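[1] Just to be clear, the model below is a prediction. Sequence and coordinates:
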Amino acid sequence: MTPTFLKLSFIALLTSLLLITGCKKSQSLGTSQIAQDPNLVVANESLLAQVKVSEVAHIDVSDILRVAGQIDFDEQALTRIGASVTGRVTQINAQLGQEVKRGDTLALINSSELSSSQLAYLKARSEKEFHRRTVERAKTLFQADVISAAELQRRESEFEVASAQTRAAQDQLRVLGVNLKALEDLAKTGAIDSVASVMATIKGVVVERKVTTGQVVQPADVLFTVADLSRVWAVAQVPEQQVAQVKVGQSVRIDVPALQNEPLLGRLIFVGQTVNPDSRTVLVRTELDNKDGRLKPSMLASMLIESTPKKQLVVPLSAVVREQDTDYVFVQEKPDAFRLKPVRLSSEQNGQRVVLDGLSQGMKIVSDGAFHLNNYRNLKDMEKGG
């Protein structure tokens with residue numbers, strides 16, 4: 001064996017030893033880097049059995065806008081009832097909270113105005129009847145050539161004036177709240193009644209009373225407010241920056257704390273066309289069935305308005321880890337390796353959170369068991385620190 005061959009053999013052996021040593025150092029360095037990465041978790045078989053991996057995907061999601069509101073009267077089923085005449089209240093028959101029917105008498109008013117109008121009507125009727133008989137006699141006399149045609153026309157004109165005055169007096173009584181039957185009775189009997197009734201115009205509940213016995217009232221005064229509470233409104237004020245998210249017909253859920261936040265479902269029936277200059281909000285409204293009477297006007301409520309569904313990237317709530325005011329999810333890098341990744345998410349909706357930043361479609365994440373992975377990661381960090 002020549003010296004040159006021995007020298008070459010020695011160099012080859014030395015190179016091999018250096019390569020093997022380098023590989024071992026590289027492998028040792030890689031393992032060390034993995035071990036030092038606090039956001040990477042390599043799970044054992046026991047831990048892998050507790051986690052579930054799923055792909056991040058787009059699904060139809062509706063944005064939910066929550067605004068504060070309250071229960072209110074259905075203004076289409078609410079009436080404010082006043083006096084039809086000027087007079088003094090002599091009797092009150094309805095109290096707050098009392099149920100009334102259409103036509104029920106709520107109060108009685110003694111009115112000299114009513115008696116004067118009745119007297120004027122009776123006088124007008126009497127004048128009309130007098131001129132009617134005068135015209136009949138004039139026609140007979142004219143046919144007998146006793147009076148002229150001009151005289152007949154004069155008496156017919158007086159009858160037409162008396163008829164018009166009677167109709168005007170009758171209309172005045174109708175304005176004062178006298179119905180047709182009462183007018184017929186007045187014409188038959190001639191008995192003047194100075195007492196006017198304040199009557200309910202709808203079936204409902206007396207929700208407001210602004211009158212006392214002995215009070216002098218006028219037609220402009222509101223004495224009672226009666227509301228049909230079988231249907232009520234839920235109203236809310238939407239900030240003008242978010243008003244583009246609401247439209248008539250959108251689904252709405254109403255939570256009423258007084259009913260233990262039992263969800264009530266409806267649809268928006270009204271979105272205001274103007275902005276309140278003081279609160280910078282827009283009024284929205286929905287209608288609710290209230291036949292059982294559980295909903296009371298002025299009850300506090302929260303209105304959750306659901307927008308039209310659109311495709312959005314979401315993660316389940318069970319995939320999210322919250323630390324130091326930041327949201328994280330575990331992204332699968334290898335079958336047994338998972339990296340804790342910061343993400344930006346929206347608020348929770350139906351057990352899911354919409355991804356705003358940090359993930360893309362198709363990425364595999366731990367959808368269930370993230371809590372166990374994070375506990376394992378924290379335990380390893382504590383062991384290193386110890």
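    Yes, it's here.
[2] Count the neighbours of residue 209 for me.
    18 (other C-beta atoms under 10 Å). Where C-beta positions appear, they are placed from N, C-alpha and C, glycine not excepted.
[3] Look up the residues forming beta bridges with it.
    residue 224 (DSSP bridges).
[4] ditto for residue 313
    Beta bridges link residue 313 to residue 58 when assigned by DSSP bridges.
[5] again, but for the one 10 residues further on
    On the basis of DSSP bridges, residue 323 takes part in beta bridges with residue 326.
[6] any idea how far it lies from residue 381?
    With the distance defined as C-beta to C-beta, to the nearest Å, residue 323 ends up 12 Å from residue 381.
[7] Show me where the stretch 201-350 of the chain has its strands.
    Listed in chain order, the strands of the stretch 201-350 of the chain (DSSP state E, counting those that start in this stretch) span 204-209, 216-217, 222-227, 231-239, 251-255, 263-271, 281-289, 300-306, 310-316, 321-323, 326-334, 337-345.
[8] can you put those strands in TSV and add mean pLDDT and distance to residue 104?
    TSV is the format used below for the strands of the stretch 201-350 of the chain (pLDDT from 0 to 100; distance: least, C-beta to C-beta, whole Å):
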stretch	mean pLDDT	distance to residue 104
strand 204-209	95	10
strand 216-217	94	18
strand 222-227	96	9
strand 231-239	94	21
strand 251-255	90	32
strand 263-271	91	30
strand 281-289	94	25
strand 300-306	89	32
strand 310-316	82	53
strand 321-323	87	61
strand 326-334	90	61
strand 337-345	89	58
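[9] In stretch 344-363, which of the residues would be classed as buried?
    By neighbour count with 16 or more other C-beta atoms under 10 Å, stretch 344-363 contains the buried residues 345, 349, 352-355, 358-359, 363.
[10] make that stretch 241-258, sorry
    Buried residues in stretch 241-258, defined by neighbour count with 16+ other C-beta under 10 Å: 243, 246, 250-256.
[11] who touches it?
    62-63, 65, 69, 71, 234, 238, 261-271, 275, 282, 284, 286, 288, 295-296, 299-308 (C-beta atoms under 8 Å, 6 or more residues apart in numbering).
[12] let's see 7 Å
    63, 65, 71, 234, 238, 261, 263-271, 282, 284, 286, 288, 299-307 (C-beta atoms under 7 Å, 6 or more residues apart in numbering).
[13] Let me see the contact set for the residue lying closest to residue 130 once chain neighbours are set aside.
    If the residues on either side of it in the chain are set aside, residue 130 comes closest to residue 162, at 7.4 Å by C-beta to C-beta, 6 or more residues apart in numbering. Neighbour list for residue 162: 124, 127-128, 131 [criterion: C-beta under 7 Å, 6+ apart].
[14] Buried ones only from the contacts of stretch 241-258, please, as a ChimeraX command.
    Entered in ChimeraX, the line below selects the buried ones among those, by 16+ other C-beta under 10 Å:
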select :63,65,71,234,238,264,266,268,271,282,284,286,288,299,301,302,303,304,305,306,307
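[15] between the strands of the stretch 201-350 of the chain, which one is nearest to residue 58?
    Checking the strands of the stretch 201-350 of the chain against residue 58 by C-beta to C-beta gives strand 310-316 as the closest, at 4.5 Å.
[16] From the rest of the structure, what touches that closest one?
    Contacts of strand 310-316 (C-beta under 7 Å, 6+ apart): 56, 58-61, 329, 351-355, 359, 361, 365, 367.
[17] again with stretch 296-303
    Contacts for stretch 296-303 (C-beta under 7 Å, 6+ apart): 66-73, 232, 234, 236, 252, 254-258.
[18] let's see it at 8 Å
    Here stretch 296-303 has contacts from 66-73, 207, 227, 229, 232, 234, 236, 252-258, 284, 286, using C-beta under 8 Å, 6+ apart.
[19] Return stretch 210-226 as CSV; C-alpha atoms alone will do.
    Taking C-alpha atoms only, stretch 210-226 is exported to CSV below (Å, rounded to 0.1, in the frame of the first residue of the first chain):
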residue,chain,number,x,y,z
LYS,A,210,-106.1,63.3,32.5
VAL,A,211,-109.4,64.4,34.0
THR,A,212,-110.9,64.7,37.4
THR,A,213,-114.5,65.2,38.6
GLY,A,214,-115.5,68.9,38.5
GLN,A,215,-112.9,69.8,35.9
VAL,A,216,-114.0,72.2,33.1
VAL,A,217,-112.9,70.7,29.8
GLN,A,218,-112.9,71.7,26.1
PRO,A,219,-112.9,69.8,22.9
ALA,A,220,-109.1,70.3,22.5
ASP,A,221,-108.4,68.5,25.8
VAL,A,222,-107.3,64.8,25.8
LEU,A,223,-109.1,63.1,28.7
PHE,A,224,-108.3,59.5,28.2
THR,A,225,-105.9,57.3,26.1
VAL,A,226,-107.1,53.8,25.3
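[20] Now it: buried residues?
    211, 215, 217, 223-226.
[21] What is the most widely separated pair among the residues you listed?
    Across the buried residues of stretch 210-226 (C-beta to C-beta), the longest gap, 18.8 Å, separates 215 and 226.
[22] for stretch 358-376, the distance to its chain's centre please.
    38 Å (C-alpha atoms, centre = their mean, to the nearest Å).
[23] what do you get for stretch 115-135?
    Worked out by C-alpha atoms, centre = their mean, stretch 115-135 lies 57 Å from the chain centre.
[24] average pLDDT across it?
    Stretch 115-135 carries an average pLDDT of 93.
[25] List the contacts of that stretch.
    Residues from elsewhere that reach stretch 115-135, judged by C-beta under 8 Å, 6+ apart: 152, 155-156, 158-159, 161-163, 165-166, 168-170, 172-173, 176, 178, 183, 186-187, 190, 192-194.
[26] Also stretch 44-55?
    Residues from elsewhere that reach stretch 44-55 (C-beta under 8 Å, 6+ apart): 43, 316, 330, 332, 336, 338, 361-370, 372-373, 376.
[27] same thing with stretch 262-280?
    Contacts for stretch 262-280 (C-beta under 8 Å, 6+ apart): 234, 237, 239-240, 243, 246-256, 281-288, 305.
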